[in-house]
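Curious how this folds, go ahead:
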Amino acid sequence: MNFIKKIVSLVLVLLSVSLLSFVLANVSTVDPAEAIARRTYSNPTEKQLAKIRHEKGLDKPILIQYCTWLGKSLEGELGTSYQSNEPVAKELGGKLVATLSLVGLSLLWILVFTIPLGMLSVTYKDKVGDHLIRAITILGISIPSFWFGFILLSAFAVSIPIFKVVDYGNVRSLILPSVTLGVPVICSSVRMLRATLLENLKKDYVIYAQVRGLSHG
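Okay, the predicted model is just below:
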């Protein structure tokens, strides 16, 4: 039952976000028909603009446009990009490998650092190591990701040019972005893991194991 509720909530959120994005795009000061026409005609006339609006369905009410787009999206037809004039599905597919690589490397940082740091924090509870880890995690959670990414670029691409500001196509190009994405998750996960471990150390089965002679380490 909870699973069904979560699925329904997810669908409602996705619909709300898509509707809001669609409305904001349509009330924007940029005229999509004019943007398309300027790629085809140097100085488009009103007749040419009206033709493009009719062909793209931009002359219909926003609600009808949204329902048409939603119906085609459910069939896998995401439309055509106004900027590149390429199918949106093709545009997304071209960026999918880079996105998955970035997410995968971010997950690797999370797995590598979360468990050891969480265990160290519990092992040295209320000692220097614990206080240091807790301070770093609070700082990592507090700094906005966009600002943290800017700091990394300034430090390791400008001041110390280990990486390039603009780079693509190799593993090095993924390091700074993946660290930017991974650090906030690592920091929050370490604090959560620390709290969970400390809570479980007070459980009866842990106390019983310690009485039986099992060490803390």
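
Tell me which residue is most central in the chain.
Compute the mean C-alpha point of the chain, and by C-alpha atoms, centre = their mean the closest residue is residue 181, 7.7 Å away.

show me what contacts residue 26?
Contact analysis of residue 26 by C-beta atoms under 8 Å, 6 or more residues apart in numbering lists 62, 65. Yep, even glycine has a C-beta here, placed from its N, CA and C like the rest.

For it, give me the pLDDT.
Model confidence at residue 26, given as pLDDT, is 73.

I'd like the distance between it and residue 55.
Using C-beta to C-beta, to the nearest Å, residue 26 is found at 17 Å from residue 55.

can you pull the pLDDT of residue 211?
Listed pLDDT for residue 211 reads 65.

swap in residue 208?
pLDDT, read off for residue 208, is 64.

and residue 50, what is it in contact with?
By C-beta under 8 Å, 6+ apart, residue 50 lies in contact with residue 59.

For it, report the pLDDT, please.
On the pLDDT scale, residue 50 is placed at 81.

just to confirm, which helix or strand has it in it?
Assigned by DSSP states H and E, residue 50 belongs to helix 46-56.

Next secondary structure after that helix?
Next in sequence after helix 46-56, counting helices and strands by DSSP H and E, comes helix 62-74.

Quick check: mean pLDDT of that following helix?
The average of the pLDDT scores along helix 62-74 is 82.

Equivalent analysis for stretch 86-95, please.
Across stretch 86-95, the average pLDDT comes to 78.

ok, and what's touching that stretch?
Outside stretch 86-95, the residues that touch it by C-beta under 8 Å, 6+ apart are 76-81, 84.

tell me the phi and psi of residue 80?
Residue 80 adopts backbone torsions of phi -120, psi 140, taken as degrees, to the nearest 10.
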